[in-house]
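> Using only what follows, build the 3D model:
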Amino acid sequence: MKNKKNIFFFISIIAVFLFAFQYMNSSLSGNHSPKVIHFLVNLPVCILIGIFDFLIINMVYKKLRNKDQIYIRVSVDLLLTALFAVLVGIIANFMLSVISPDKISSEYSVIKQSLPLLLWNSIIVLLIEVFFYSQRQIEAEKKIAVFEKEKIQYQYEVLKAQINPHFLFNSLNVLSSLVYEDAEKANLFAKKMSGVYRYLLLTNARTTVTLKEELAFLESYIFLESIRFENALLVDINNKADLNKQVIPVSLQLLVENAIKHNITTSAQPLTVRINIANDGITVSNHLQLRSSVDKGGVGLANLQKQYALFQKTIRISKTKTEFTVQMPFVG
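This next block holds a predicted model:
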(Lines give C-alpha, C1' and ligand atoms only; values in the text may rest on other atoms or scores of the structure.)
Protein backbone atom coordinates (compact mmCIF):
# COMPACT_ATOMS: atom_id res chain seq x y z
CA MET A 1 0.00 0.00 0.00
CA LYS A 2 2.84 2.35 0.87
CA ASN A 3 4.58 1.67 -2.47
CA LYS A 4 1.34 2.27 -4.34
CA LYS A 5 0.97 5.64 -2.65
CA ASN A 6 4.56 6.55 -3.51
CA ILE A 7 4.06 5.53 -7.16
CA PHE A 8 0.84 7.53 -7.39
CA PHE A 9 2.51 10.54 -5.78
CA PHE A 10 5.51 10.21 -8.10
CA ILE A 11 3.37 10.12 -11.26
CA SER A 12 1.23 12.98 -9.98
CA ILE A 13 4.30 15.17 -9.42
CA ILE A 14 5.54 14.46 -12.94
CA ALA A 15 2.12 15.18 -14.45
CA VAL A 16 1.75 18.45 -12.54
CA PHE A 17 5.19 19.70 -13.49
CA LEU A 18 4.70 18.61 -17.09
CA PHE A 19 1.43 20.53 -17.28
CA ALA A 20 3.05 23.57 -15.66
CA PHE A 21 5.94 23.53 -18.11
CA GLN A 22 3.63 23.00 -21.04
CA TYR A 23 1.49 25.92 -19.92
CA MET A 24 4.56 28.11 -19.48
CA ASN A 25 5.86 27.14 -22.91
CA SER A 26 2.48 27.88 -24.51
CA SER A 27 2.33 31.26 -22.80
CA LEU A 28 5.82 32.20 -23.97
CA SER A 29 4.98 31.15 -27.53
CA GLY A 30 1.79 33.21 -27.52
CA ASN A 31 -0.60 30.28 -27.34
CA HIS A 32 -2.36 30.53 -23.96
CA SER A 33 -4.32 27.31 -24.29
CA PRO A 34 -2.03 24.25 -24.15
CA LYS A 35 -3.45 21.31 -26.08
CA VAL A 36 -4.45 18.15 -24.27
CA ILE A 37 -2.84 16.02 -27.00
CA HIS A 38 0.57 17.49 -26.16
CA PHE A 39 0.11 16.61 -22.52
CA LEU A 40 -1.03 13.03 -23.28
CA VAL A 41 1.83 12.42 -25.74
CA ASN A 42 4.53 13.84 -23.46
CA LEU A 43 3.29 12.30 -20.18
CA PRO A 44 4.46 8.67 -20.87
CA VAL A 45 7.84 9.94 -22.02
CA CYS A 46 8.23 12.13 -18.95
CA ILE A 47 7.18 9.27 -16.64
CA LEU A 48 9.80 7.07 -18.34
CA ILE A 49 12.43 9.76 -17.81
CA GLY A 50 11.31 10.17 -14.18
CA ILE A 51 11.61 6.43 -13.52
CA PHE A 52 15.11 6.31 -14.98
CA ASP A 53 16.01 9.45 -13.03
CA PHE A 54 14.90 7.60 -9.90
CA LEU A 55 17.02 4.53 -10.77
CA ILE A 56 20.06 6.63 -11.68
CA ILE A 57 19.87 8.64 -8.45
CA ASN A 58 19.49 5.46 -6.41
CA MET A 59 22.50 3.90 -8.17
CA VAL A 60 24.65 7.02 -7.65
CA TYR A 61 23.64 7.15 -3.97
CA LYS A 62 24.91 3.60 -3.44
CA LYS A 63 28.29 4.66 -4.87
CA LEU A 64 28.47 8.06 -3.14
CA ARG A 65 26.53 7.66 0.11
CA ASN A 66 28.95 9.66 2.26
CA LYS A 67 27.41 12.93 3.54
CA ASP A 68 30.54 14.83 2.51
CA GLN A 69 29.91 13.78 -1.10
CA ILE A 70 26.42 15.26 -1.39
CA TYR A 71 27.44 18.06 -3.80
CA ILE A 72 29.35 15.62 -6.00
CA ARG A 73 26.42 13.19 -5.88
CA VAL A 74 23.84 15.79 -6.92
CA SER A 75 26.13 17.03 -9.72
CA VAL A 76 26.57 13.49 -11.03
CA ASP A 77 22.79 12.96 -10.72
CA LEU A 78 22.08 16.06 -12.80
CA LEU A 79 24.71 15.20 -15.43
CA LEU A 80 23.67 11.57 -15.96
CA THR A 81 19.92 12.25 -15.90
CA ALA A 82 20.36 15.20 -18.28
CA LEU A 83 22.23 13.00 -20.77
CA PHE A 84 19.51 10.37 -20.51
CA ALA A 85 16.71 12.96 -20.90
CA VAL A 86 18.35 14.42 -24.00
CA LEU A 87 18.80 10.93 -25.45
CA VAL A 88 15.13 10.11 -24.84
CA GLY A 89 14.14 13.44 -26.35
CA ILE A 90 16.16 12.75 -29.48
CA ILE A 91 14.71 9.24 -29.83
CA ALA A 92 11.15 10.48 -29.24
CA ASN A 93 11.65 13.30 -31.72
CA PHE A 94 12.97 10.87 -34.32
CA MET A 95 10.02 8.49 -33.82
CA LEU A 96 7.52 11.32 -34.08
CA SER A 97 9.20 12.62 -37.20
CA VAL A 98 8.76 9.16 -38.75
CA ILE A 99 5.12 8.85 -37.65
CA SER A 100 4.08 12.40 -38.51
CA PRO A 101 6.78 14.13 -40.55
CA ASP A 102 4.51 17.02 -41.50
CA LYS A 103 3.67 17.97 -37.90
CA ILE A 104 6.94 17.47 -36.10
CA SER A 105 8.18 20.98 -36.65
CA SER A 106 5.20 22.58 -34.96
CA GLU A 107 2.88 20.13 -33.14
CA TYR A 108 5.49 18.46 -30.90
CA SER A 109 7.71 21.43 -30.15
CA VAL A 110 7.90 20.67 -26.40
CA ILE A 111 9.77 17.43 -26.98
CA LYS A 112 12.10 19.03 -29.46
CA GLN A 113 13.15 21.82 -27.18
CA SER A 114 16.01 20.55 -25.08
CA LEU A 115 16.22 23.50 -22.73
CA PRO A 116 12.73 23.18 -21.18
CA LEU A 117 13.21 19.42 -21.03
CA LEU A 118 16.49 19.78 -19.15
CA LEU A 119 15.00 22.36 -16.81
CA TRP A 120 12.01 20.12 -16.12
CA ASN A 121 14.31 17.14 -15.61
CA SER A 122 16.51 19.07 -13.17
CA ILE A 123 13.51 19.92 -11.00
CA ILE A 124 12.37 16.29 -11.02
CA VAL A 125 15.89 15.19 -10.04
CA LEU A 126 15.98 17.63 -7.14
CA LEU A 127 12.53 16.49 -5.99
CA ILE A 128 13.68 12.86 -6.09
CA GLU A 129 16.77 13.82 -4.08
CA VAL A 130 14.54 15.52 -1.50
CA PHE A 131 12.37 12.41 -1.39
CA PHE A 132 15.40 10.17 -0.85
CA TYR A 133 16.74 12.52 1.80
CA SER A 134 13.47 12.54 3.75
CA GLN A 135 13.23 8.73 3.51
CA ARG A 136 16.78 8.36 4.80
CA GLN A 137 16.08 10.77 7.64
CA ILE A 138 12.97 8.82 8.65
CA GLU A 139 14.85 5.52 8.52
CA ALA A 140 17.75 6.99 10.50
CA GLU A 141 15.39 8.32 13.16
CA LYS A 142 13.64 4.95 13.37
CA LYS A 143 16.98 3.16 13.78
CA ILE A 144 18.07 5.61 16.48
CA ALA A 145 14.75 5.19 18.29
CA VAL A 146 15.03 1.39 18.15
CA PHE A 147 18.66 1.54 19.27
CA GLU A 148 17.84 3.80 22.20
CA LYS A 149 14.91 1.61 23.22
CA GLU A 150 17.05 -1.53 23.09
CA LYS A 151 19.80 0.23 24.99
CA ILE A 152 17.43 1.39 27.70
CA GLN A 153 15.89 -2.07 27.92
CA TYR A 154 19.31 -3.69 28.17
CA GLN A 155 20.50 -1.32 30.87
CA TYR A 156 17.27 -1.77 32.76
CA GLU A 157 17.52 -5.55 32.63
CA VAL A 158 21.11 -5.35 33.89
CA LEU A 159 19.99 -3.05 36.66
CA LYS A 160 17.19 -5.33 37.77
CA ALA A 161 19.27 -8.48 37.53
CA GLN A 162 21.49 -7.19 40.32
CA ILE A 163 18.83 -7.57 42.98
CA ASN A 164 17.73 -11.01 41.91
CA PRO A 165 20.31 -13.58 43.13
CA HIS A 166 21.39 -12.41 46.60
CA PHE A 167 18.15 -10.73 47.49
CA LEU A 168 16.13 -13.80 46.52
CA PHE A 169 18.50 -16.12 48.38
CA ASN A 170 18.43 -14.02 51.58
CA SER A 171 14.66 -13.51 51.43
CA LEU A 172 13.97 -17.22 51.07
CA ASN A 173 16.20 -17.93 54.05
CA VAL A 174 14.31 -15.39 56.15
CA LEU A 175 10.98 -16.77 55.00
CA SER A 176 11.92 -20.34 55.86
CA SER A 177 12.82 -19.21 59.38
CA LEU A 178 9.63 -17.20 59.82
CA VAL A 179 7.42 -20.14 58.86
CA TYR A 180 8.41 -21.88 62.13
CA GLU A 181 8.64 -18.75 64.32
CA ASP A 182 5.68 -16.59 63.26
CA ALA A 183 3.23 -17.91 60.67
CA GLU A 184 1.35 -14.59 60.39
CA LYS A 185 4.52 -12.62 59.76
CA ALA A 186 5.67 -15.28 57.31
CA ASN A 187 2.43 -14.84 55.38
CA LEU A 188 2.91 -11.05 55.29
CA PHE A 189 6.55 -11.49 54.29
CA ALA A 190 5.54 -13.77 51.39
CA LYS A 191 2.97 -11.21 50.20
CA LYS A 192 5.50 -8.38 50.31
CA MET A 193 8.05 -10.51 48.51
CA SER A 194 5.45 -11.36 45.90
CA GLY A 195 4.71 -7.64 45.52
CA VAL A 196 8.39 -6.87 44.93
CA TYR A 197 8.70 -9.37 42.09
CA ARG A 198 5.31 -8.40 40.66
CA TYR A 199 6.57 -4.84 40.42
CA LEU A 200 9.65 -6.00 38.54
CA LEU A 201 7.50 -7.93 36.09
CA LEU A 202 4.96 -5.15 35.59
CA THR A 203 7.59 -2.49 35.00
CA ASN A 204 9.65 -4.72 32.73
CA ALA A 205 8.74 -2.81 29.55
CA ARG A 206 8.68 0.66 31.14
CA THR A 207 11.56 3.10 31.28
CA THR A 208 9.96 5.30 33.95
CA VAL A 209 7.44 4.93 36.75
CA THR A 210 5.70 7.41 39.02
CA LEU A 211 7.24 8.31 42.35
CA LYS A 212 4.15 6.82 43.99
CA GLU A 213 4.75 3.42 42.35
CA GLU A 214 8.44 3.45 43.21
CA LEU A 215 7.78 4.36 46.86
CA ALA A 216 5.20 1.56 47.17
CA PHE A 217 7.77 -0.88 45.78
CA LEU A 218 10.46 0.51 48.10
CA GLU A 219 8.16 0.13 51.09
CA SER A 220 7.75 -3.59 50.34
CA TYR A 221 11.49 -3.99 49.85
CA ILE A 222 12.27 -2.19 53.13
CA PHE A 223 9.78 -4.39 54.95
CA LEU A 224 11.58 -7.51 53.75
CA GLU A 225 14.99 -6.14 54.73
CA SER A 226 13.72 -4.91 58.10
CA ILE A 227 12.59 -8.46 58.93
CA ARG A 228 16.03 -9.68 58.02
CA PHE A 229 18.01 -6.96 59.87
CA GLU A 230 15.40 -6.08 62.54
CA ASN A 231 16.51 -2.96 64.45
CA ALA A 232 19.85 -2.83 62.67
CA LEU A 233 18.31 -1.04 59.67
CA LEU A 234 16.42 2.24 59.68
CA VAL A 235 15.21 3.85 56.46
CA ASP A 236 13.85 7.37 56.96
CA ILE A 237 11.74 8.69 54.05
CA ASN A 238 10.77 12.35 53.91
CA ASN A 239 8.65 13.16 50.85
CA LYS A 240 7.54 16.69 49.88
CA ALA A 241 7.28 16.11 46.12
CA ASP A 242 4.44 15.43 43.74
CA LEU A 243 3.83 11.67 43.66
CA ASN A 244 3.20 11.81 39.89
CA LYS A 245 6.78 12.76 39.12
CA GLN A 246 8.69 10.20 37.05
CA VAL A 247 11.67 8.18 38.21
CA ILE A 248 13.65 5.26 36.81
CA PRO A 249 12.25 1.92 38.05
CA VAL A 250 14.12 0.29 40.93
CA SER A 251 16.43 3.31 41.31
CA LEU A 252 15.52 4.04 44.94
CA GLN A 253 15.70 0.38 45.88
CA LEU A 254 19.12 0.16 44.26
CA LEU A 255 20.49 2.97 46.43
CA VAL A 256 19.09 1.47 49.64
CA GLU A 257 20.44 -1.94 48.64
CA ASN A 258 23.85 -0.39 47.93
CA ALA A 259 23.93 1.21 51.37
CA ILE A 260 23.20 -2.17 52.99
CA LYS A 261 25.64 -3.97 50.73
CA HIS A 262 28.62 -1.69 51.48
CA ASN A 263 28.06 -0.95 55.15
CA ILE A 264 27.97 -2.88 58.40
CA THR A 265 24.37 -3.42 59.45
CA THR A 266 24.19 -4.97 62.89
CA SER A 267 22.40 -4.26 66.15
CA ALA A 268 25.70 -2.98 67.52
CA GLN A 269 26.22 -0.72 64.52
CA PRO A 270 22.81 0.02 63.04
CA LEU A 271 22.63 1.59 59.59
CA THR A 272 20.44 4.60 58.86
CA VAL A 273 19.48 5.51 55.29
CA ARG A 274 17.82 8.88 54.75
CA ILE A 275 15.71 9.57 51.67
CA ASN A 276 14.70 13.21 51.20
CA ILE A 277 12.39 13.84 48.26
CA ALA A 278 11.75 17.39 47.10
CA ASN A 279 10.30 18.80 43.89
CA ASP A 280 13.78 19.27 42.40
CA GLY A 281 14.98 15.72 43.04
CA ILE A 282 15.77 12.92 45.45
CA THR A 283 18.66 12.71 47.89
CA VAL A 284 19.66 9.38 49.39
CA SER A 285 22.37 9.38 52.04
CA ASN A 286 23.80 7.15 54.71
CA HIS A 287 26.60 7.40 57.25
CA LEU A 288 29.65 5.31 56.46
CA GLN A 289 30.61 2.21 58.41
CA LEU A 290 32.14 0.28 55.54
CA ARG A 291 32.53 -3.44 55.45
CA SER A 292 36.05 -4.78 55.12
CA SER A 293 35.22 -7.20 52.31
CA VAL A 294 32.73 -6.15 49.69
CA ASP A 295 32.64 -5.81 45.91
CA LYS A 296 33.63 -2.20 45.15
CA GLY A 297 32.97 -2.41 41.42
CA GLY A 298 30.14 0.12 41.59
CA VAL A 299 28.27 -1.58 38.73
CA GLY A 300 24.86 -0.66 40.10
CA LEU A 301 25.59 3.06 40.34
CA ALA A 302 27.33 3.02 36.96
CA ASN A 303 24.26 1.49 35.37
CA LEU A 304 22.03 4.01 37.09
CA GLN A 305 24.20 6.84 35.73
CA LYS A 306 23.85 5.39 32.22
CA GLN A 307 20.10 5.24 32.65
CA TYR A 308 20.01 8.92 33.55
CA ALA A 309 22.36 9.78 30.70
CA LEU A 310 19.77 8.39 28.27
CA PHE A 311 17.40 11.05 29.60
CA GLN A 312 20.14 13.71 29.30
CA LYS A 313 20.31 13.92 33.06
CA THR A 314 23.00 13.08 35.60
CA ILE A 315 23.14 11.90 39.18
CA ARG A 316 25.54 13.45 41.66
CA ILE A 317 27.55 11.20 43.95
CA SER A 318 29.50 12.62 46.87
CA LYS A 319 31.43 10.93 49.60
CA THR A 320 33.01 12.29 52.77
CA LYS A 321 34.77 10.50 55.59
CA THR A 322 31.47 10.00 57.35
CA GLU A 323 28.73 10.05 54.73
CA PHE A 324 27.81 8.81 51.25
CA THR A 325 25.21 10.76 49.26
CA VAL A 326 23.51 10.32 45.90
CA GLN A 327 21.33 13.04 44.37
CA MET A 328 18.96 12.08 41.57
CA PRO A 329 16.78 14.40 39.48
CA PHE A 330 13.35 13.40 38.28
CA VAL A 331 13.13 12.29 34.66
CA GLY A 332 9.66 13.64 34.01
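> helices or strands up against the longest helix that the chain contains?
Of all segments of type helix in the chain, defined using DSSP state H, the longest is helix 114-161. Helix 114-161 makes packing contacts with helix 2-28, helix 36-63, helix 70-99, helix 109-112, helix 299-310 when contacts are defined by 3 or more C-beta pairs under 8 Å, 6 or more residues apart in numbering; DSSP states H and E. For the C-beta atoms, the positions are set from N, CA and C on the backbone; glycine is no exception.
> Format the ones you listed as CSV; extra columns: mean pLDDT.
Output for the helices and strands packed on helix 114-161, formatted as CSV (pLDDT from 0 to 100):
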stretch, mean pLDDT
helix 2-28, 70
helix 36-63, 79
helix 70-99, 79
helix 109-112, 52
helix 299-310, 78
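> list the contacts for the residue nearest the centre of the chain?
Nearest to the geometric centre of the chain sits residue 145, at 1.7 Å (C-alpha atoms, centre = their mean). If you count contacts by C-beta atoms under 8 Å, 6 or more residues apart in numbering, residue 145 has none.
> What separation is there between it and residue 215?
Distance of residue 145 to residue 215, given as C-beta to C-beta, to the nearest Å: 30 Å.
> what number of residues lie near residue 141?
Applying other C-beta atoms under 10 Å, we find 10 other residues in the vicinity of residue 141.
> Next: residue 90.
Applying other C-beta under 10 Å, we find 13 other residues in the vicinity of residue 90.
> Could you check how far it is from residue 83?
Taken as C-beta to C-beta, the spacing of residue 90 relative to residue 83 amounts to 11 Å.
> Residue 273: which element?
Mapping residue 273 onto the secondary structure by DSSP states H and E places it in strand 271-278.
> What residues sit buried inside that strand?
271, 273, 274, 275, 276, 277 (16 or more other C-beta atoms under 10 Å).
> any idea of the mean pLDDT for it?
In this model, strand 271-278 has a mean pLDDT of 94.
> what's that strand packed up against?
strand 233-239, helix 251-262, strand 281-287.
> State the paired neighbours of it in the sheet, together with their directions.
According to DSSP bridges, strand 271-278 forms sheet pairs with strand 233-239 (parallel), strand 281-287 (antiparallel).
> What are the contacting residues of it?
Counting by C-beta under 8 Å, 6+ apart, strand 271-278 makes contact with 211, 229, 232-241, 252, 255-256, 259-260, 263-265, 282-287, 289, all of which sit outside it.
> now the angle from the helix or strand residue 189 falls within to helix 114-161?
For residue 189, the enclosing helix or strand under DSSP H and E is helix 183-202. Angle between the axes of helix 183-202 and helix 114-161 is 170 degrees (criterion: axes from the mean of the first three to the mean of the last three C-alpha atoms, to 10 degrees).
> Tell me the first helix or strand C-terminal of helix 183-202.
strand 209-210.
> What residues sit buried inside whichever helix or strand comes after that next one?
Next helix or strand after strand 209-210 toward the C-terminus (DSSP H and E): helix 211-229. For helix 211-229, burial by neighbour count (16+ other C-beta under 10 Å) applies to 211, 213-215, 217-218, 220-225, 227-229.
> Mind giving me the packing neighbours of helix 211-229?
In this structure, helix 211-229 makes packing contacts with helix 164-181, helix 183-202, strand 233-239, strand 246-247, helix 251-262, judged by 3+ C-beta pairs under 8 Å, 6+ apart.
> Quick one: mean pLDDT for the last one?
When the per-residue pLDDT values of helix 251-262 are averaged, the result is 89.
> so which of the helices and strands packed on strand 271-278 gets nearest residue 14?
With respect to residue 14, and counting by C-beta to C-beta, the nearest of the helices and strands packed on strand 271-278 is helix 251-262 at 55.7 Å.
> circling back to that earlier point, out of the buried residues of helix 211-229, who's nearest residue 202?
Residue 202 has its nearest neighbour among those in residue 213, at 8.9 Å by C-beta to C-beta.
> ok, now how distant is the closest one from residue 128?
Relative to residue 128, residue 213 is positioned 50 Å away (C-beta to C-beta).
> Same check on residue 280?
Note on residue 280: its distance to residue 128, by C-beta to C-beta, is 51 Å.
> what's the answer for residue 264, then?
Looking at residue 264 against residue 128, where the rule is C-beta to C-beta, the gap reads 70 Å.
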